[in-house]
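Undergrad: Show me how the following folds:
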Amino acid sequence: MVYTEDTRPVRQGEELDVNKLERFLRQKLEVPSGDLVIRQFGAGHSNLTYELSVGEEWKAVLRRPPMGPVAPKAHDMEREFKVLQSLHPVFPLAPKPYLYESGNLIGRPFFLMERREGLVFDHAFPEAVEATDQLGRQLSETMVDRLAELHSLDYQQTSLKDMVKPEGFMERQVYGWIKRYEKARTDDVVSGKRLKTWLIDHIPLSNEATIIHYDYKLNNAMFSKEDPSRMVGLFDWEMTTVGDPLADVGAAMSYWIQKDDPELLKTGLGKPPLTAQDGFYTREEFIQRYAEKSGRHVDDIDFYLTFAYFKLAGIVQQIYYRYKNGQTQDPRFAGMHVFVNQLIHHAEETAGL
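TA: Numbers count the residues shown, from 1 in each chain. The predicted model follows:
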């Protein structure tokens, strides 16, 4: 068995029942004879993602919620499966979904989708790739262009139209994430009271609605081994919906770390992402290219950036809350309250508070 560099042995406590899965797969799919091997994708702090393989002939990816209790409506595997069913035919970068299982087999819902092969750029250039400023710029351009392409799709021509409610999107987002932050708040993170008031007072009146990925970042994309600047896959569609496209840009920019950012912003989720290296776009360059490619005005982008930092603080706080309450033992989560406080501070600075 040849293992790919983006997988590793399954973390202790996050194992799957190999025998149960193997019997299930042979009942539901055409799987060749041989032993089922399960490995885990190491990236990500939320849903658990595994590579399933039988020999060299068959591979698939399994997505399931994290261990322990989860927030209501979060980690909805059935919804993500349906999103992929809607998107794959019109946006082939979204992987093809195979099947959904409601939770009887492994105790939690999961779905299976196709395994894409390629390069993932996370904290460093893969060894097989020559690290150049030019490639950094090409990757930046590709990230912008594919986001603009996604936002150009007509969601009314997909089954997403029956799953979403675009009206009042930003208002629901702001009030919803304030509520989630407050519910998951622990005594070692700030209240963010000034920031929450500012967000409520500055909700933009936008009537435009497009398909938005809402977790768009470099390490959620996969690129061609033959042409490292060409995207061949886009993953983690859990948060996908129909709403204000600039909210998607703002969310993308909250992950798009640049070289002159504060150190804690760079390292809050681990090692600094590759976007902090020479050659990659700054956030301003990304936003300006997006404006050119999409034809949209970006005058209010500071609101969307501010909200994106607050939303990211809420996401990280939900993860930290699970850790602090003993619902997960992943040591990566132990200091996340410090990052939450930094994100709130950075959001306040972006808002001019």
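
Undergrad: Tell me the spacing between the residue nearest in space to the middle of the chain and Arg8.
TA: The residue lying closest to the centre of the chain (C-alpha atoms, centre = their mean) is Asp215, at 3.5 Å. For Asp215, the distance to Arg8 (C-beta to C-beta, to the nearest Å) stands at 22 Å. For every residue, glycine as well, the C-beta is placed using N, CA and C.

Undergrad: Going by neighbour count, which residues in stretch 131-140 are buried?
TA: Neighbour-count burial for stretch 131-140 flags Leu135, Gly136, Arg137, Gln138, Leu139, Ser140 (criterion: 16 or more other C-beta atoms under 10 Å).

Undergrad: Please identify which of those residues is nearest to Leu343.
TA: Ser140 (22.8 Å; C-beta to C-beta).

Undergrad: Could you list which residues are in contact with the residue nearest to Val129 when sequence neighbours are not counted?
TA: Leaving aside its chain neighbours, Val129 sits nearest to Pro228 (5.2 Å; criterion: C-beta to C-beta, 6 or more residues apart in numbering). By C-beta atoms under 8 Å, 6 or more residues apart in numbering, Pro228 lies in contact with Leu119, Val129, Leu135, Gln138, Leu139.

Undergrad: The first one and Ala128 touch, don't they?
TA: Think Leu119. Yes - if you go by C-beta atoms under 8 Å, Leu119 and Ala128 touch, sitting 7.4 Å apart.

Undergrad: So for these two, which residues contact both of them?
TA: Both Leu119 and Ala128 are contacted by Lys225, under the criterion C-beta under 8 Å, 6+ apart.

Undergrad: ok, the two, which is more surrounded?
TA: The neighbour count for Leu119 versus Ala128, taken as other C-beta atoms under 10 Å, is higher for Leu119 (21 against 9).

Undergrad: Tell me who's in contact with the closest residue to that one other than its chain neighbours.
TA: Once flanking residues are discounted, Leu119 sits nearest to Phe223: 4.6 Å by C-beta to C-beta, 6+ apart. Phe223 is in contact with Gly118, Leu119, Val120, Phe121, Leu139, Thr142, Ser229, Arg230, Met231, Val232, counting by C-beta under 8 Å, 6+ apart.

Undergrad: Which members of those residues are classed as buried?
TA: Buried among the contacts of Phe223 by 16+ other C-beta under 10 Å: Gly118, Leu119, Val120, Phe121, Leu139, Thr142, Met231, Val232.

Undergrad: to the chain's geometric centre, what's the distance from the helix or strand hosting the last one?
TA: If I follow you right, that is Val232. For Val232, the element it lies in under DSSP states H and E is strand 231-234. When distances are taken as C-alpha atoms, centre = their mean, to the nearest Å, strand 231-234 is centred 13 Å away from the chain's centroid.

Undergrad: Could you do stretch 307-316 as well?
TA: In this view, stretch 307-316 has its centroid 13 Å away from the chain centroid, taken as C-alpha atoms, centre = their mean.

Undergrad: Once you drop chain neighbours, what's closest to Phe280?
TA: Phe280 sits nearest to Gly136 (C-beta to C-beta, 6+ apart), 4.3 Å away.

Undergrad: What is the helix or strand containing that neighbour packed up against?
TA: Secondary structure from DSSP H and E places Gly136 in helix 133-151. For helix 133-151, the packing partners by 3 or more C-beta pairs under 8 Å, 6 or more residues apart in numbering; DSSP states H and E come out as strand 210-212, strand 221-223, strand 231-234, helix 245-255, helix 283-294.
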